[in-house]
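Undergrad: how does the following fold in three dimensions:
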Amino acid sequence: MPRPQKKRNICQLPNHVSYGPYQHLGSSLEKVMLLVDELETIRLIDFEGYNQEEAAKQMNVARTTVQRIYNDARKKIADSLVNGKKLVIGGGEFVICDRNCDQCKKPRRLQNRLNQIVLEEEPH
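TA: Below you'll find the model as predicted:
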């Protein structure tokens, strides 16, 4: 019997849950389902600049789990973009963390890293 799936921490639900080709938004396109935890890995790693270990800690799962979720998410997004499928976000095993948690309060990590690089390159 497999272990029950551990619920992943996410900081917020997405504001938009459906994306697709502009010309066909109203029509019935093939759909690709992106789970909320898959979107969270994309947000943490690609948008916020976390590495996989930091994202795993934030989501309260193992790094290997984040790696698998991230790879699945990227494949689904690529399928949607390349094949013109509608991307629908929803579902999955997750829990929304308290908006007062330390991780949600932190400023965007990527911006911090970019600022640090700029500061290091400026002449003194």
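Undergrad: contacts for stretch 32-49?
TA: Contact with stretch 32-49 is made by 8, 10-11, 13-14, 50-52, 54-55, 58-59, 66, 69-70, 72-74, 76-77, 79-80, 85-94, 108-113, as judged by CB atoms under 8 Å, 6 or more residues apart in numbering. C-beta here means a position set from N, CA and C on the backbone, and glycine is covered the same way.
Undergrad: those residues, buried ones only, as a ChimeraX selection?
TA: Applied in ChimeraX, the following selects the buried portion of these according to 16 or more other CB atoms under 10 Å:
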select :8,10,11,50,52,54,55,58,59,66,69,70,73,76,77,80,85,86,87,89,92,94,109
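Undergrad: what's the end-to-end length of stretch 21-31?
TA: Stretch 21-31 has an end-to-end distance of 11 Å (criterion: CA to CA, to the nearest Å).
Undergrad: now, the contacts of stretch 32-49 that are in strands?
TA: Per DSSP state E, strands hold the following members of the contacts of stretch 32-49: 8, 10, 86-89, 94.
Undergrad: count of residues packed around P4?
TA: By other CB atoms under 10 Å, 7 other residues sit near P4.
Undergrad: would you agree it falls within a helix?
TA: No - according to DSSP: H, G, I helix; E, B strand; the rest coil, P4 belongs to no helix; its state is coil.
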